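Trainee: show me how the following folds:
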Amino acid sequence: MSRFLGALAGLVALIALLVAVPAQWVATHVTDADGFTELAGPLVTEPEVEDELARVISEQVTARLALSATLGPVVADVLSRAAGSVVDDPQFRTAWEDTLRRSHEATLGDPDAAAPDQGQSLRLAVDLGPLARYVVDRASGQLPVTVPAPETVVVPITSEQVGEQIDLVRAAPDYARVAWVVLAAAVVVRLALARRRGAALARLGVGALAVAGVLWLAVRGAGRLLRERGDAAEPLARAVQDALVTRATASFNDWLLVVAGAGLAAVVVGVVLRRRV
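Mentor: This is a model prediction of the structure:
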C-alpha cells in the first residue's frame, strides 16, 4: 500500500510541477504590472515596432485635427519623423513604460471600472497616449500649427472575445500558490514512503526533466500557432504580438532551463545517495 501511495504522490508532484511553472511565469510576467513592463519594455527597440509606433502616432494625432489635404500630410510627416528620432531617448522609454502600465491596467485591472458597454474584446488594447503626448511635445517647435496632445490613442490588439483568458491570467497567482504547496507536499510524501529515497529522488528528477521537455514543446507549438493565427488587423498590433511572443517564449525557456537543472541535480544526488546505501 505504501508503495502505491508513494507512486501516486510522485505522479501528483509531476502534475503539480506541470501546473506550477507556467502559472508562476504568468503571475510574474503577465499578471503583475511590473513584471509585464519588464517583459514588454524592450519591444520598443524592435525596428518593426518602432516604425509602426511612429506611423500610428502620426496618423492618430493628425486625424483628430481635421486639417486640410495640404497641411495634414505635413503635420503627419513631422510627427512621424519626431517619433522615429526619439526612440533612444530615456524619456521616450519612460513614456513607453507608462503606456504599458496603462494598457495593463485597462486589460487586467478591476473589470468593474470598465464602462458598462465595453466588452472584454475591446479592453485588450494598447493605449499610446503617453507616447503621443511626448512626441507632440518634442515636435511642437517644428509643427506649422498648434497640435493638442491627445489623452488616449487606443490601438486594439485583438478582436476575439478574451474574457475567459483574462480571468485565467488574473487567477494565475492563486493557481501557482496552490500548485507549489501541492508539489512540496507530494514530494515530502513520496520521499517519506520510499524504501530507497535516493532512487525516489532520482525518479522525481527524471520526472522534472520530462516536465521541462513537455512544457518546452507546448510553448514552442503555442508560439507558432499564435504567429500563424494572430487576428490583429492593425499592423502595430501585429508587430507587438510577434515581438512579445518571441520575448515571452525566450523568457519561459529560461525558466525551463532552471527546472531542467533542478531535475538533473535531483537525479545526480539521488544516484549518489543510492550508491551510498
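Trainee: state the pLDDT value of residue 276.
Mentor: As predicted, residue 276 sits at a pLDDT of 66.
Trainee: now residue 66
Mentor: Taking residue 66 on its own, its pLDDT is 69.
Trainee: same check on the one 10 residues further on?
Mentor: Listed pLDDT for residue 76 reads 81.
Trainee: got it, and residue 13?
Mentor: 95.
Trainee: that one touches residue 186, doesn't it?
Mentor: Yes. Residue 13 lies in contact with residue 186 (CB atoms under 8 Å); the separation is 3.7 Å. Yep, even glycine has a C-beta here, placed from its N, CA and C like the rest.
Trainee: comparing those two, which shows the higher neighbour count?
Mentor: residue 13 (25 against 21; other CB atoms under 10 Å).
Trainee: and for the helix or strand where the more buried one lies, what are the contacting residues?
Mentor: Per DSSP states H and E: residue 13 is located in helix 2-26. Helix 2-26 has contacts (CB atoms under 8 Å, 6 or more residues apart in numbering) with 169, 172-173, 175-176, 179-180, 182-183, 186-187, 189-190, 193-195, 200, 203-204, 207-208, 210-211, 214-215, 251-252, 255-256, 259.
Trainee: the helices in the stretch 151-277 of the chain, which residues?
Mentor: For the stretch 151-277 of the chain, the helices defined by DSSP state H, counting those that start in this stretch occupy 163-193, 197-229, 235-276.
Trainee: against residue 38, how distant is residue 275?
Mentor: Distance check for residue 275 against residue 38: by CB to CB, to the nearest Å, it reads 44 Å.
Trainee: the two: which is more packed in?
Mentor: residue 38 (15 against 8).
Trainee: and stretch 137-145, how far out from the chain middle?
Mentor: 35 Å (CA atoms, centre = their mean, to the nearest Å).
Trainee: my guess is residue 196 contacts residue 275, does it?
Mentor: No. Using CB under 8 Å, residue 196 is not in contact with residue 275; the gap is 10.8 Å.
Trainee: if you rank every helix and strand of this protein by mean pLDDT, what lands last?
Mentor: Least confident helix or strand, the chain: helix 120-123 with a mean of 44, by mean pLDDT, DSSP states H and E.
Trainee: of all the helices of the stretch 151-277 of the chain, which lies closest to residue 139?
Mentor: Judged by CB to CB, the one of those that comes nearest to residue 139 is helix 235-276, at 19.0 Å.
Trainee: and that closest one with helix 163-193, angle?
Mentor: Between helix 235-276 and helix 163-193, the angle comes out at 10 degrees (axes from the mean of the first three to the mean of the last three CA atoms, to 10 degrees).
Trainee: could we number from 599 for the rest of this?
Mentor: Noted, 599 is the first residue going forward, which turns the last one into helix 833-874.
Trainee: could you check the angle helix 833-874 makes with helix 600-624?
Mentor: Using the same axes, to 10 degrees: helix 833-874 against helix 600-624 is 150 degrees.
Trainee: name the nearest residue to residue 781, ignoring sequence neighbours.
Mentor: residue 614 (3.9 Å; CB to CB, 6 or more residues apart in numbering).
Trainee: number of nearby residues for that neighbour?
Mentor: For residue 614, using other CB under 10 Å, the count is 21.
Trainee: spit out the contact partners of residue 725.
Mentor: 697, 700-701, 704, 750-753.
Trainee: any idea how far residue 723 is from the closest residue to it other than its chain neighbours?
Mentor: Counting by CB to CB, 6+ apart, residue 700 is the residue found nearest to residue 725 once chain neighbours are left out, at 4.7 Å. Going from residue 700 to residue 723 by CB to CB gives 10 Å.
Trainee: thought residue 771 was touching residue 633?
Mentor: No. The criterion here is CB under 8 Å, and residue 771 misses it with residue 633 at 10.9 Å.
Trainee: sorry, back to before: for residue 678, find the nearest of the helices of the stretch 749-875 of the chain.
Mentor: Comparing these under CB to CB, the one sitting nearest is helix 833-874, at 13.0 Å.
Trainee: and the closest one, how far from the chain's centre?
Mentor: Worked out by CA atoms, centre = their mean, helix 833-874 lies 15 Å from the chain centre.
Trainee: could you check the angle helix 795-827 makes with that helix?
Mentor: Using the same axes, to 10 degrees: helix 833-874 against helix 795-827 is 170 degrees.
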